[in-house]
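S.K.: need a structure here:
(4 chains)
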Number of protein chains: 2
Amino acid sequence: MTTVKRRPKSKHALAGEIAEAIKLGQFRSGEWLRQIDIEQKFAATRFDVRTALDELVVRKAIEHVPNRGYRVAEIDRETLRHIRSVRIVIETSTADAIVSRMTPATLATLRGLAEEFGVAVREGTRADQSRVNAEFHEAMYHLSGNPVLEELIWNLRDRGRGSNVTVWTSHESLLRSDRDHHAMLEAIEKRDVARLSELIAAHILKDAPESELRDR
Amino acid sequence: MTTVKRRPKSKHALAGEIAEAIKLGQFRSGEWLRQIDIEQKFAATRFDVRTALDELVVRKAIEHVPNRGYRVAEIDRETLRHIRSVRIVIETSTADAIVSRMTPATLATLRGLAEEFGVAVREGTRADQSRVNAEFHEAMYHLSGNPVLEELIWNLRDRGRGSNVTVWTSHESLLRSDRDHHAMLEAIEKRDVARLSELIAAHILKDAPESELRDR
DNA sequence: TGCAACATAATTGGCGCCAATTTAATAGCC
DNA sequence: GGCTATTAAATTGGCGCCAATTATGTTGCA
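M.R.: Residues are numbered from 1 along each chain as shown, chains lettered A, B, ... in the order given. A predicted model of the protein is given here:
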């Protein structure tokens, strides 16, 4: 996965790095991204920085104000709710494909990643947790066999992360994620599509501030 | 709709214009978009053209080959099928929100647009048909009350149009679209969510080359 | 002391030049 | 005559300069 990929040396890669940094909370919501800072922090040229930032604007990770610069998008609760709503529709729609395409091998992979996440929760860094969590869900959604769907899921996830105030703020929520993962595994193993759907929806809803008990 | 919007003079607007041109089939699939041609055709500077093309790459409307340039993306049948599959999931998910948020006023608007499409089919140009069709679906999906969802729908639609060989190739398919629109209206009026879902799915599937009777 | 006008510093962003690469055209060779 | 090597034309794309704009700091005045 993290193999050779130095073809598009900088440019697109830089956009990914900046997006990653935002996801990891290295830039706060609403914070201005000064081009000089970025080009130093990532050792890139001014031009590459600008290109990368433009790409992130298109990807809705940041926003652009003419003659003021780029800043991390502040997403209001309303929009966040809409994003979660769409995520539930899309991600739960993968449930039966996942169950029907499941093989012992992929199940083993998922189990390994679920365990790894548990370890990361206990003794890993924030970045580790984020990475392993992503790997788990990536492996799971990869089973859907629909690359377009997969990509969409990641776009929406990234967009929500941007200014999500509560990204695993408490250790509690991390433990809950861990439990969710194992529960999902169980549902997949038992080929229980409905249960898996429920779990996925609940997993998404856990990010909601209050209990926004809104079915759609 | 086509009102004043000269604030971001060129740049983002240009990307939209080029995307529109691609949608209208002014560039064939796989055709190279030479920067010189574009800057003449749209009366823009070289730099703006490049920026716009970069944006379209991020939006997956075109693809970029280093040192070769930009070309209209050729989407294989497999990917097209995946796009349709996702579209069905997303667009049908709007059905009950549409029905529950429907008001007499919006219904009247939709009816008007459905009529207008019928007229465009009979005596309008290709561009007219495309525009009115877009307006009808826009008005309908706007009822979902979820801007994120709306945007997603348009992104996926645009992506499919790019190299769709059969974009209303026959007059027959246009007539079918017209009938579909009126049927949808009827379902909305009768608050028949299931029926509306079916119609939306069928409307998307109509673009399929053969009858790819694949439920998921 | 508070406020407004001005000057100065910092930052963004439009644009064009030219080197690197690819494509075509031409010539040379078997 | 067909094929390959060389040269020329066309196209892409990296990069930096500097004007326009905004933010900051300072001075003068009531």
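S.K.: make it CA atoms for all contacts and neighbour counts henceforth
M.R.: OK.
S.K.: Contact partners for residue A:46?
M.R.: A:35-36, A:39 (Cα atoms under 8 Å, 6 or more residues apart in numbering or on different chains).
S.K.: of all these, which comes closest to residue B:128?
M.R.: Distance to residue B:128 across the contacts of residue A:46 (Cα to Cα) is lowest for residue A:35, with 43.3 Å.
S.K.: Name the helix or strand for the most centrally placed residue in chain A, please.
M.R.: Nearest to the mean C-alpha position of chain A, by Cα atoms, centre = their mean, lies residue A:157 at 4.1 Å. Residue A:157 belongs to helix A:147-161 when assigned by DSSP states H and E.
S.K.: For the residue of chain A found nearest DNA strand C, give its distance to residue A:64.
M.R.: Residue of chain A nearest DNA strand C, by Cα to the nearest atom of the strand: residue A:34 (3.3 Å). Computed as Cα to Cα, to the nearest Å, the residue A:34 to residue A:64 distance reads 12 Å.
S.K.: Tell me the residues that contact both of the two, please.
M.R.: Here residue A:34 and residue A:64 have residue A:70 as joint contacts, going by Cα under 8 Å, 6+ apart.
S.K.: Show me which of those two is the more surrounded one.
M.R.: The residue with more neighbours, out of residue A:34 and residue A:64, is residue A:64; 19 against 13, by other Cα atoms under 10 Å in any protein chain shown.
S.K.: got the contact list for the host helix or strand of the more buried one?
M.R.: Element membership for residue A:64, per DSSP H and E: strand A:62-65. For strand A:62-65, contacts defined as Cα under 8 Å, 6+ apart pick out A:53, A:56-57, A:70-73.
S.K.: what about 6 Å?
M.R.: By Cα atoms under 6 Å, 6 or more residues apart in numbering or on different chains, the surrounding residues in contact with strand A:62-65 are A:56-57, A:70-73.
S.K.: what's the closest of the residues you listed to residue B:140?
M.R.: The nearest member of those to residue B:140, counting by Cα to Cα, is residue A:57 at 27.5 Å.
S.K.: Remind me which helix or strand that closest one belongs to.
M.R.: Using DSSP H and E, residue A:57 falls in helix A:46-58.
S.K.: buried ones in that helix?
M.R.: A:48-58 (16 or more other Cα atoms under 10 Å in any protein chain shown).
S.K.: residues near the residue nearest to residue A:49 when sequence neighbours are not counted, how many?
M.R.: Nearest non-adjacent residue to residue A:49, counting by Cα to Cα, 6 or more residues apart in numbering or on different chains: residue A:39, 6.2 Å away. Residues lying near residue A:39 (other Cα under 10 Å) number 16.
S.K.: Also residue A:170?
M.R.: Here the number of neighbours of residue A:170 (other Cα under 10 Å) works out to 9.
S.K.: same check, this time on residue A:199
M.R.: 19.
S.K.: ok, back up a step: now the residue of chain A closest to DNA strand C: how far from DNA strand D?
M.R.: 11 Å (Cα to the nearest atom of the strand, to the nearest Å).
S.K.: ok so, going back, what comes up buried for the helix holding residue A:157?
M.R.: A:148-150, A:152-154, A:156-161.
S.K.: Please apply the same query to stretch A:12-27.
M.R.: Buried, per 16+ other Cα under 10 Å, within stretch A:12-27: A:12-15, A:18-19, A:22-25, A:27.
S.K.: backbone phi and psi for the residue lying farthest from the centre of chain A, please?
M.R.: Taking Cα atoms, centre = their mean, the residue of chain A most remote from its mean C-alpha position is residue A:67, at 30.6 Å. According to degrees, to the nearest 10, the main-chain angles of residue A:67 amount to phi 60, psi 10.
S.K.: With residue A:76 instead?
M.R.: Backbone torsions of residue A:76, given as degrees, to the nearest 10, read phi -70, psi 160.
S.K.: Tell me the predicted confidence for it.
M.R.: pLDDT recorded at residue A:76 is 88.
S.K.: What number of residues are in the vicinity of it?
M.R.: 10.
S.K.: how close does it get to residue A:29?
M.R.: Taken as Cα to Cα, the span from residue A:76 to residue A:29 is 11 Å.
S.K.: can you check residue A:46 too?
M.R.: Separation of residue A:46 from residue A:29 (Cα to Cα): 23 Å.
S.K.: Do a quick rundown of the strands in chain A.
M.R.: Shown for chain A, the strands assigned by DSSP state E span residues A:32-33, A:62-65, A:69-72.
S.K.: which of these sits most buried?
M.R.: Highest mean neighbour count of the strands of chain A: strand A:69-72, a mean of 20 (counted as mean count of other Cα atoms under 10 Å in any protein chain shown).
S.K.: Is it positioned near DNA strand D?
M.R.: No. Applying Cα under 7 Å from any atom of the strand, one finds strand A:69-72 separated from DNA strand D by no less than 8.9 Å.
S.K.: Sheet-wise, list the partners of that strand with their directions.
M.R.: Under the criterion DSSP bridges, strand A:69-72 sits next to strand A:32-33 (antiparallel), strand A:62-65 (antiparallel) in its sheet.
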